[in-house]
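In: Structure, please.
(chains A and B)
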Amino acid sequence: GDSVTQMEGPVTLSEEAFLTINCTYTATGYPSLFWYVQYPGEGLQLLLKATKADDKGSNKGFEATYRKETTSFHLEKGSVQVSDSAVYFCATNTGNQFYFGTGTSLTVIP
Amino acid sequence: DTGVSQDPRHKITKRGQNVTFRCDPISEHNRLYWYRQTLGQGPEFLTYFQNEAQLEKSRLLSDRFSAERPKGSFSTLEIQRTEQGDSAMYLCASSPAVGMGTDTQYFGPGTRLTVL
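Out: Numbers count the residues shown, from 1 in each chain, chains lettered A, B, ... in the order given. You can find the predicted model right below:
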């Protein structure tokens, strides 16, 4: 079945630092790829998505590119803010089921 | 607020008791999903409905778990004879069945279950 492996955390960065959270996937067929974010005490929110190879999803300064050749969908942000502190989940969707990674906790310190 | 809502947000129960959770999806969404999330893990798929039909169930969904969506709108998830291992966050999500965005699920805030 499908699976997602993402970078283990926790990750602690200073404000304005560059962020990369690695995500690789295995999937049958051609999945859509997602990053979801979970702020403390809140539900999962869609951050960005890409539906086919070489697509780049972007939102709120975050970006991720669907790399079929490396089966990866790494999340990047050029300059993180304290408000970006949250848990980030990479996910694939083939058909009707989502497969999530274990999540990467990010803490940004002023 | 037209997002996915779940009730209750928190539930504490004693082992052996039955509990029921409710999910109200985004009104125009035909598909509804239940997930379980334990501490430090990503959500794990439990089951999904298209309208009132339950189309897929994970093997994680033991016979103590039952989900319904009788009128194709809200859904309930019942756990009978709860066990301490059932303690988790139960998440509901919805998506449209046709048109743009069918591959994207929108999540509710979750119901946190604690079994003592």
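In: And the helix or strand of chain A at the bottom of the mean pLDDT ranking, how far out from the chain middle?
Out: In chain A, no helix or strand scores lower on mean pLDDT, DSSP states H and E than strand A:97-100, which sits at a mean of 86. Offset of strand A:97-100 from its chain centre (C-alpha atoms, centre = their mean, to the nearest Å): 13 Å.
In: any bit of it sitting next to chain B?
Out: Yes. On the criterion C-beta under 8 Å from any C-beta of the partner chain, strand A:97-100 is in touch with chain B at A:Gln97, A:Phe98, A:Tyr99, A:Phe100. C-beta coordinates here come from the backbone N, C-alpha and C atoms, glycine included.
In: give the contact list for the spatially most central residue of chain B.
Out: Centroid check for chain B by C-alpha atoms, centre = their mean gives B:Trp34 as the closest residue, at 3.1 Å. Contact partners of B:Trp34, counting by C-beta atoms under 8 Å, 6 or more residues apart in numbering or on different chains, are B:Cys23, B:Phe45, B:Leu46, B:Thr47, B:Tyr48, B:Ala67, B:Ser75, B:Leu77, B:Tyr90, B:Leu91, B:Cys92.
In: Can you name the next helix or strand after the least confident helix or strand of chain A?
Out: strand A:104-109 (DSSP states H and E).
In: How about that next one, which residues are buried there?
Out: A:Thr104, A:Leu106, A:Val108 (16 or more other C-beta atoms under 10 Å in any protein chain shown).
In: can you tell me how far the first one sits from A:Gly57?
Out: For A:Thr104, the distance to A:Gly57 equals 17 Å [C-beta to C-beta, to the nearest Å].
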